[in-house]
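Peer 1: I'll drop the sequence and a predicted model, then ask my questions.
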Amino acid sequence: KNLTVHAMKLFFIALKLNFESGGGSAWELDAKIRSLIKQGHSAIVITLFSGQNRLQSGLPYKVVEEQIASLSLWNIQHGVLRMLKKYQAEADLFQVEGQFAYGSGLYRLLGGRKPVIVHFNRELSSFPESTRKNSNKFGSLKKLFRFWLERSVGFPLINRNDLLTFTSPILLDLYASFGVNKIKSSVIPDFFDSNEFRNPARLSESTAGKNGGDEFSVFCTGRMVWEKGFDVLLKAVDILVKRGERYRLLLSGDGPEKQALQNLSAQLGISEHVAFLGWLEKPALIKEMAKADVIVIQRWRPEVTSMIALEALALGVPAIVPVNSALSWQMQNSALTFEDENFHELADQIKKMRDNPALQTDLKVAGQIRLGELDLPVSLSKLMTAIAQVTK
């Protein structure tokens with residue numbers, strides 16, 4: 001049950017605000033702020049690497065573009081400390097991104113007057129790798145030392161903040177295993193307004209032209225880096241194509257691995273079945289997602305959720321995600337799952353989806369139920385309760 005929260009001036013400190021190519025984080029923050037404004041609060045976003053901003057026109061909140069000189073750990077955390085001190089007279093409450101938690105914790109330790117919520121939507125850069133099978137390691141002595149330093153010095157600072165929010169219980173458990181105070185922690189799902197996402201003006205064109213016939217379309221989007229596992233999906237489609245069935249793989253996005261993925265597609269002999277769409281603006285991306293027969297989110301870190309998963313639910317497009325991950329928690333029984341890295345199992349699940357129209361329908365129904373459990377009113381209720389607790 002929500003506690004009463006009076007109208008407040010909320011300051012959000014972010015790395016950047018990029019609505020063009022910055023992934024889902026900008027859209028998630030925007031949905032959060034808009035929902036808080038509708039509750040009677042005012043909001044200001046302070047970006048610290050503002051040269052990377054790509055803003056929309058007509059935002060209902062002010063964006064203050066600050067600049068930190070370098071990406072070094074100390075410069076970033078010291079810069080956050082300076083910003084909190086600079087704006088504390090104007091703010092009632094701060095929210096900072098997880099990578100700023102040391103600076104905000106130091107702010108509170110040194111007597112900073114305003115409460116701080118730290119929002120974590122992914123791992124810290126010093127965490128051991130877990131994106132490849134049997135590679136749960138640090139990769140270098142330098143990274144191992146940094147992790148030791150952050151865990152021994154930084155994590156006590158993290159616990160100085162007033163509230164720590166996480167996008168999934170899997171992510172919370174990861175941080176708790178390294179020493180985060182669970183008593184100060186709360187799981188608040190990504191902010192996603194399905195009603196706004198599915199408004200007729202946005203989807204009227206997107207839902208037209210659904211793929212049909214005997215060619216089954218598989219869609220995937222994201223920054224093309226090796227951690228995303230696009231190669232796993234290409235190998236799965238290779239297996240399917242060699243079985244003699246018609247598949248069309250649509251890959252949206254760009255990045256340093258794009259050429260290597262195109263080369264792999266050619267080496268496998270499936271180039272005619274694969275379309276590299278490049279980076280798509282949001283309306284075009286939604287159109288391609290809505291036309292797909294299945295959306296695959298084949299990998300990120302296992303603790304990290306995805307706005308694409310929520311958009312798939314809203315569009316009613318079935319999905320396949322890695323098992324035992326934040327994505328499988330996010331989707332629950334509304335998606336098929338496969339073991340990460342296992343492209344043979346991924347191929348089987350894609351075929352299973354193709355061969356079972358009734359399964360597709362069941363997943364869509366389950367998806368609408370799950371979406372209701374993750375929709376914006378639920379996240380807003382949890383956040384308002386948390387804010388009331390730290391400002392009472």
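Peer 2: Right, received. Where do you want to start?
Peer 1: what secondary structure does Ser379 sit in?
Peer 2: helix (DSSP: H, G, I helix; E, B strand; the rest coil).
Peer 1: Do you know the pLDDT at it?
Peer 2: The score at Ser379 is 96. That number is its pLDDT.
Peer 1: these two touch, right, it and Phe191?
Peer 2: Yes. Using C-beta atoms under 8 Å, Ser379 is in contact with Phe191, at 5.0 Å. C-beta here means a position set from N, CA and C on the backbone, and glycine is covered the same way.
Peer 1: lowest-pLDDT helix or strand in this structure?
Peer 2: The weakest-scoring helix or strand in the chain, judged by mean pLDDT, DSSP states H and E, is helix 200-206 (a mean of 51).
Peer 1: Can you name the next helix or strand after it?
Peer 2: Next along the chain after helix 200-206, taking DSSP states H and E as the criterion, comes strand 216-221.
Peer 1: Quick check: which helices or strands does the following helix or strand past that next one pack against?
Peer 2: Toward the C-terminus, strand 216-221 is succeeded by helix 230-242 as the next helix or strand (DSSP H and E). Secondary-structure packing of helix 230-242 (3 or more C-beta pairs under 8 Å, 6 or more residues apart in numbering; DSSP states H and E): strand 216-221, strand 247-252, helix 258-268, helix 343-355.
Peer 1: if we can go back for a sec, which neighbours do Ser379 and Phe191 have in common?
Peer 2: Shared contacts of Ser379 and Phe191, defined by C-beta atoms under 8 Å, 6 or more residues apart in numbering, are found at 32, 35.
Peer 1: So what's the model's average confidence on the host helix or strand of Val365?
Peer 2: In this assignment (DSSP H and E), Val365 forms part of helix 357-374. Mean pLDDT, computed over helix 357-374, is 96.
Peer 1: leaving aside the residues next to it on the chain, what's closest to the most centrally placed residue in the chain?
Peer 2: Geometric centre of the chain, nearest residue: Ser306, 3.9 Å, by C-alpha atoms, centre = their mean. Distances taken as C-beta to C-beta, 6 or more residues apart in numbering place Ile297 nearest to Ser306, at 5.6 Å, with adjacent residues excluded.
Peer 1: show me what contacts that neighbour?
Peer 2: By C-beta under 8 Å, 6+ apart, the contact set of Ile297 is 220, 222, 306, 308-309, 319-322, 327.
Peer 1: before we move on, back to that, over to the residue nearest to the centre of the chain: give its phi and psi.
Peer 2: For Ser306, the backbone dihedrals (degrees, to the nearest 10) come out as phi -150, psi 130.
Peer 1: wait, isn't it in contact with Ser328?
Peer 2: No. If you go by C-beta under 8 Å, Ser306 and Ser328 don't touch, sitting 11.3 Å apart.
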